[in-house]
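# For reference, the sequence and a predicted model appear below.
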Amino acid sequence: MTSDLPVLLAGVTMLSALHMGFQARRVGWSRMKHKIMPPTVTGPPEFERTFRAHQNSVEFYSIFLAVLWISGIFCNEVLAALGGIIYIVGREMYFTGYIRESKRRLPGFFFMLSVLLFLIVMATIGIIQSFLDKYLNIRLF
């Protein structure tokens, strides 16, 4: 019974949630370092970059989770999970680059965006294939 469960997707989801929590903690550390009390979101450039990097991660998180699960369930769980891990690496590259200097966020951003695009393509192919099979009795693969 447990062999049918999407264990890899669940594992990557947990890892990504922990990563988001760690990024939030880094915003907290930056607040303490620069003595910036909530709800203030302005301060020295390093704090503002840390805060924005985390906010950008939050903004992309729901998109990431949706395409991770859809691509894993409808196309290939192993490839989706691998893509999810690579996405997390790209998100960390983006985050740490952004903290150092705004321009240094771009390599991580483009890397993460390409992984997200890969997952979107996988999800789309999986949905189309499932639709054709279920409603039109057409098997492509």
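Received, thanks. Numbers count the residues shown, from 1 in each chain.
# Go ahead and confirm residue 34 touches residue 45.
No - here residue 34 does not reach residue 45: they are 10.1 Å apart, not a contact under C-beta atoms under 8 Å. Placement of C-beta: from N, CA and C, glycine included.
# In terms of neighbours, single out the busier of the two.
Taking other C-beta atoms under 10 Å, residue 34 and residue 45 do not tie; residue 34 has more neighbours (14 against 10).
# If you drop the residues flanking it in sequence, what lies closest to the more buried one?
Using C-beta to C-beta, 6 or more residues apart in numbering and skipping residues adjacent in sequence, the residue nearest residue 34 is residue 47, 4.6 Å away.
# Isn't that neighbour up against residue 35?
No - counting by C-beta under 8 Å, residue 47 does not reach residue 35; the two are 9.7 Å apart.
# More neighbours: these two, which one.
residue 47 (20 against 9).
# element containing the more buried one?
Per DSSP states H and E: residue 47 is located in helix 45-74.
# From the contact counts, what lies against that helix?
Judged by 3 or more C-beta pairs under 8 Å, 6 or more residues apart in numbering; DSSP states H and E, the packing partners of helix 45-74 are helix 7-34, helix 77-100, helix 106-136.
# now these in a markdown table, with distance to residue 57 and mean pLDDT?
Shown next, in a markdown table, are the helices and strands packed on helix 45-74 (distance: least, C-beta to C-beta, whole Å; pLDDT from 0 to 100):
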| stretch | distance to residue 57 | mean pLDDT |
| --- | --- | --- |
| helix 7-34 | 6 | 98 |
| helix 77-100 | 6 | 98 |
| helix 106-136 | 9 | 97 |
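# Please identify the deepest-packed of these.
helix 77-100 (a mean of 19; mean count of other C-beta atoms under 10 Å).
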